[in-house]
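Peer 1: how would this look folded up:
(3 chains)
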Amino acid sequence: MVTTLDTGPTLQIVLELAGTFVFGLNGALTAMEAENLDIVGVVVLAVITALGGGIIRDVLIGSLPPAAFLDWRYLVVGTGAGFVAFWARHLWMRFQRFITVLDAAGLALFCVTGTAAAFAAHLGLFQSVVLGTITGVGGGTVRDVFIKKVPTVLSSDLYAVPAACGAVITALSLNYHFYNGAMAIVAASVCFLIRMAGVRYNLNLPVSHPHPQDPKDNKGEP
Amino acid sequence: MVTTLDTGPTLQIVLELAGTFVFGLNGALTAMEAENLDIVGVVVLAVITALGGGIIRDVLIGSLPPAAFLDWRYLVVGTGAGFVAFWARHLWMRFQRFITVLDAAGLALFCVTGTAAAFAAHLGLFQSVVLGTITGVGGGTVRDVFIKKVPTVLSSDLYAVPAACGAVITALSLNYHFYNGAMAIVAASVCFLIRMAGVRYNLNLPVSHPHPQDPKDNKGEP
Amino acid sequence: MVTTLDTGPTLQIVLELAGTFVFGLNGALTAMEAENLDIVGVVVLAVITALGGGIIRDVLIGSLPPAAFLDWRYLVVGTGAGFVAFWARHLWMRFQRFITVLDAAGLALFCVTGTAAAFAAHLGLFQSVVLGTITGVGGGTVRDVFIKKVPTVLSSDLYAVPAACGAVITALSLNYHFYNGAMAIVAASVCFLIRMAGVRYNLNLPVSHPHPQDPKDNKGEP
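Peer 2: Okay, here's the model as predicted:
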């Protein structure tokens, strides 16, 4: 959401607003699948998914009000995504795969811009990676808490890992002064490709219970 | 919680502390209905319901520490509401309807003062409306997350809509320089009346699943 | 996490990093018991449990970026605790009682340092107590929300009460100018002993439903 890609302000703002729209759309559709929400709920969750990660990052780096509140277009685009998702729900369901691709692109964009924003606020290398990853995955995580899902990022799915990879490349190139537009595209591409590979081959990280066939067994542990 | 009504500081502080008390009381009673809580839990949820919305707003506009922490009376009144709710629970249950009316009055008050506080912090028109609405509904939403309810504001009930209406009137009158005590009362009254109409006639917004008789059917969608 | 104990910077930083590690370890083990998480989830919840309370406090007192982001060691130690918990889960399960003791020590440490940090930021007596308690219990509460548990602090267990007692002693001694290293140890010891007494004798606070044998009965209340 805050901008530091070396691609000129106009292209960048267009990319960010597009990413905000896709995040909001995907967030609203995910929320509607899980819960029976009214239109206010759908719009609120679209805005939270789209802007939540960047808002958390801006709160933590002390850049207040958050970028998402300084420029009214972010709130309008997030709100609009929620309305569009609500009214054309069955249409979007047919394009689920296409939306997953766009969402991965949004993740790639936000992990790079989020890391750059944290680094620009004089956070260290490791902290910038953490904040860049939060920028990418934070909004969806807050949405999942609201609809009573254990956040996807905690339980399955390669979602935080690609964001962290993109953030690491961004932070390293910033720290060692070889960050430029091309590096930003490399970092975003790595994030995007890992995410899509995860979706395509259904990759998952090792889980804490080695025998998932009886997950209830562990509940009784001391 | 932050004060900008043109009604003199004494009346305003009394109104705000009264609103804090009613929000805390209603929040604690709602929480006790949903979960088996100990007294610490009831008091914590009373404070969160009463002060949470204003705290979120103050964090987002960068007015830190939040107003609720600068004046100790807010925390004391919120805490007191939790104790009163806990010890006299069965008494309050009889006055449920009366508390609903008071809660609507608190909502009306906080959406107006919250919008004015955001506008005073140089947020734009639309953002002030969002922050004013958050001031009204944020505390109850956080409480619902804590007690594992899908927040009411997302799934049913006219709660966010009246707050947003009051916030819109407040923000417009501030932006076009005709805000004064009378306009504040108009904005609060509109919020209050819409909320009470929603309660009285059980109004709900359109929901995302048009056939609520089989809400489970949609869970299996792609 | 922010340091104000009068025990010399080296000892203090060692204590705080040790507390962070134990909080992270206990947080990760608790999370793994409740949910089937992947390694990213376990590490994220370890970091949230270890650092969440201090981060919430720093956001509320406006000390941004939070102390946990200014010094990279906190994030590294929290992350490390998550990995250690994940890979050596069955080993740690045998030392559950030992970890409970260490966790109580961490709680004692953080409620004292958290209160002192809030007081140093010119918050009042009561507000410093609240923020000190949040420093101790906030991280575990956020973790519980993420894994869909009603936070322990709300429903059972003497956890917030010992933290609040330690915070009261710290805040009073700061306010009346007799705070020193010895008082810090007294405050931490009171917190630790009440917490351990609660664990040992299974103490609980009064709950809102006097007849817990049929907790469902109350769900239907108006």
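
Peer 1: worst-scoring helix or strand of chain A, pLDDT-wise?
Peer 2: Confidence across the helices and strands of chain A bottoms out at helix A:152-155, with a mean of 75, counting by mean pLDDT, DSSP states H and E.

Peer 1: residues of the following helix or strand past that one that come out buried?
Peer 2: Next along the chain after helix A:152-155, taking DSSP states H and E as the criterion, comes helix A:160-175. Across helix A:160-175, burial judged by 16 or more other Cβ atoms under 10 Å in any protein chain shown covers A:160-174. Heads up, the C-betas are built off the backbone N, CA and C, glycines and all.

Peer 1: and the least confident helix or strand of chain A, how far out from the chain's middle?
Peer 2: Its chain's C-alpha centre and that of helix A:152-155 lie 13 Å apart, by Cα atoms, centre = their mean, to the nearest Å.

Peer 1: neighbouring contacts of that helix?
Peer 2: A:137, A:140-141, A:144, A:159-160, C:35-38, C:40-41, C:44-45, C:146-147 (Cβ atoms under 8 Å, 6 or more residues apart in numbering or on different chains).

Peer 1: cutoff 10 Å now
Peer 2: Applying Cβ atoms under 10 Å, 6 or more residues apart in numbering or on different chains, the external contacts of helix A:152-155 come out as A:30, A:133, A:136-138, A:140-141, A:143-144, A:149, A:159-161, A:163, A:204-205, A:207-208, C:31, C:35-38, C:40-45, C:48, C:146-147.

Peer 1: Any regions of chain A where pLDDT drops low?
Peer 2: Scanning chain A for pLDDT under 70 picks out A:1-9, A:155-157, A:208-222.

Peer 1: residues of stretch A:73-86 that come out buried?
Peer 2: Neighbour-count burial for stretch A:73-86 flags A:Y74, A:L75, A:V77, A:G78, A:T79, A:G80, A:A81, A:G82, A:V84, A:A85, A:F86 (criterion: 16+ other Cβ under 10 Å).

Peer 1: Quick check: the gap between the most centrally placed residue in chain A and chain C.
Peer 2: Closest residue to the average C-alpha location of chain A: A:G136 at 3.0 Å, with Cα atoms, centre = their mean. Per Cβ to the nearest Cβ, to the nearest Å, A:G136 is found 13 Å from chain C.

Peer 1: Could you do A:V161 as well?
Peer 2: Taking Cβ to the nearest Cβ, one finds A:V161 at 6 Å from chain C.

Peer 1: now swap in A:P66 and tell me
Peer 2: Noted for A:P66: a distance of 12 Å to chain C, by Cβ to the nearest Cβ.

Peer 1: how about the helices in chain A?
Peer 2: Secondary structure of chain A (DSSP state H): helices located at A:9-34, A:39-60, A:67-70, A:72-87, A:89-94, A:96-120, A:125-146, A:152-155, A:160-175, A:181-201.

Peer 1: relative orientation of the second one and helix A:96-120 in degrees?
Peer 2: To tie it back to what came earlier, the one meant is helix A:39-60. 30 degrees (axes from the mean of the first three to the mean of the last three Cα atoms, to 10 degrees).

Peer 1: And chain B, is helix A:39-60 touching that?
Peer 2: Yes: contact of helix A:39-60 with chain B (Cβ under 10 Å from any Cβ of the partner chain) involves A:I39, A:V40, A:G41, A:V42, A:V43, A:V44, A:L45, A:V47, A:I48, A:I55, A:D58, A:V59.

Peer 1: In contact with A:L17, which residues?
Peer 2: A:M1, A:A50, A:D71, A:R73, A:Y74, A:V76, A:V77, A:G78.

Peer 1: repeat that for 8 Å
Peer 2: Contacts of A:L17 (Cβ under 8 Å, 6+ apart): A:R73, A:Y74, A:V77.

Peer 1: Quick check: A:C111 touching A:V168?
Peer 2: No: between A:C111 and A:V168 there is no contact under Cβ atoms under 8 Å: 9.5 Å.

Peer 1: Quick check: A:L29 vs chain B, distance?
Peer 2: Noted for A:L29: a distance of 10 Å to chain B, by Cβ to the nearest Cβ.

Peer 1: now A:V199
Peer 2: Separation of A:V199 from chain B (Cβ to the nearest Cβ): 13 Å.

Peer 1: same check, this time on A:A88
Peer 2: When A:A88 is compared with chain B (using Cβ to the nearest Cβ), they lie 12 Å apart.

Peer 1: Good, we can wrap up now.
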